[in-house]
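Undergrad: Here is a sequence with its predicted model. Questions after.
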Amino acid sequence: MANAPFKKDGFNVTTDVIGVGIDCKFNVHFQVSATNAVAADTDGIHAAITDTGEEQEIITEITNPVVPRNITATAGGTAADIGAIEIVVEGTNANDEAITETLPAFTVNTAGSVTGSKAFKTVTKITVPAHDGTGATTAIGFGSKLGLPFKLAHNTCEMAFFDNTKESTDPTVAVSTTALESNTITLNSSLAGKVVDAYFLI
């Protein structure tokens, strides 16, 4: 992703109504290279953590995503030992601002993944509460949501391309005017190490 500053102030265009003007906006190109648009990975942040019967705070052996991505947690191991716990992730957004997210709770006695919504540039700490038994494991990965480099009031994405082919289904875009990490784009196609291009009005 490009890291160049941009100016999003539009300029006024006159209309046929006296005293009424409208803003002119600009089309911007957001791209994630094939190298960086890798597939979601359930243990791409941290390998499966075995339950110890106590809350664990993990600050080592963490691998950050290559570009800001949302975080996932996957419960595994002995299904009967899996608890309805909530993983807490701490780190930074694309502006190196500290952010925290509490992921949705696992389903008790059920292996599976939960998905976060914020785009993390780095993960600095993972808090894993105790499961219901020490046979449970928790892996931390990243999902398919790509962090956007701007704050949006509403979805202004005009089109998206996957591997240079236009997506027939519009991507899912989350927006926030206050939290950069809550602005994300999720393509209909699964990321697979192929270039992603999206065009927005800013």
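TA: It's in.
Undergrad: Just the CA trace of the lengthiest strand in the chain, in CSV.
TA: Counting by DSSP state E, the longest strand found in the chain is strand 136-147. Taking Å, rounded to 0.1, in the frame of the first residue of the first chain, the C-alpha atoms of strand 136-147 are listed here in CSV:
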residue,chain,number,x,y,z
ALA,A,136,-8.0,-26.5,24.3
THR,A,137,-5.8,-24.4,22.1
THR,A,138,-6.0,-20.9,20.6
ALA,A,139,-4.3,-19.8,17.4
ILE,A,140,-4.2,-16.1,16.3
GLY,A,141,-4.3,-15.2,12.7
PHE,A,142,-5.4,-12.6,10.2
GLY,A,143,-8.5,-12.4,8.1
SER,A,144,-9.5,-11.0,4.7
LYS,A,145,-10.2,-7.5,5.7
LEU,A,146,-7.6,-5.0,4.3
GLY,A,147,-7.1,-1.7,6.2
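Undergrad: what's the offset of it from the middle of its chain?
TA: 9 Å (C-alpha atoms, centre = their mean, to the nearest Å).
Undergrad: who does it pair up with?
TA: The pairing partners recorded for strand 136-147 under DSSP bridges are strand 41-50 (antiparallel), strand 69-77 (antiparallel), strand 184-186 (antiparallel).
Undergrad: Show me the one of those strands that comes nearest Thr177.
TA: strand 184-186 (14.2 Å; C-beta to C-beta). (Each C-beta comes from the backbone N, C-alpha and C, glycine too.)
Undergrad: and the angle from the following helix or strand past the closest one to strand 136-147?
TA: The helix or strand immediately downstream of strand 184-186 is strand 196-201, counting by DSSP states H and E. With axes from the mean of the first three to the mean of the last three C-alpha atoms, to 10 degrees applied, the angle from strand 196-201 to strand 136-147 works out at 50 degrees.
Undergrad: Return the set of buried residues in strand 196-201.
TA: 196-198, 200 (16 or more other C-beta atoms under 10 Å).
Undergrad: out of those, who's nearest Gly44?
TA: Val196 (17.3 Å).
Undergrad: low pLDDT regions in this protein?
TA: 1-12 (pLDDT under 70).
Undergrad: and it, what are its domains?
TA: Using automatic domain parsing, the domains assigned to the chain come out as 24-36+149-201, 41-146.
Undergrad: Can you give me the end-to-end span of the longest one?
TA: Using C-alpha to C-alpha, to the nearest Å, one end of domain 41-146 lies 13 Å from the other.
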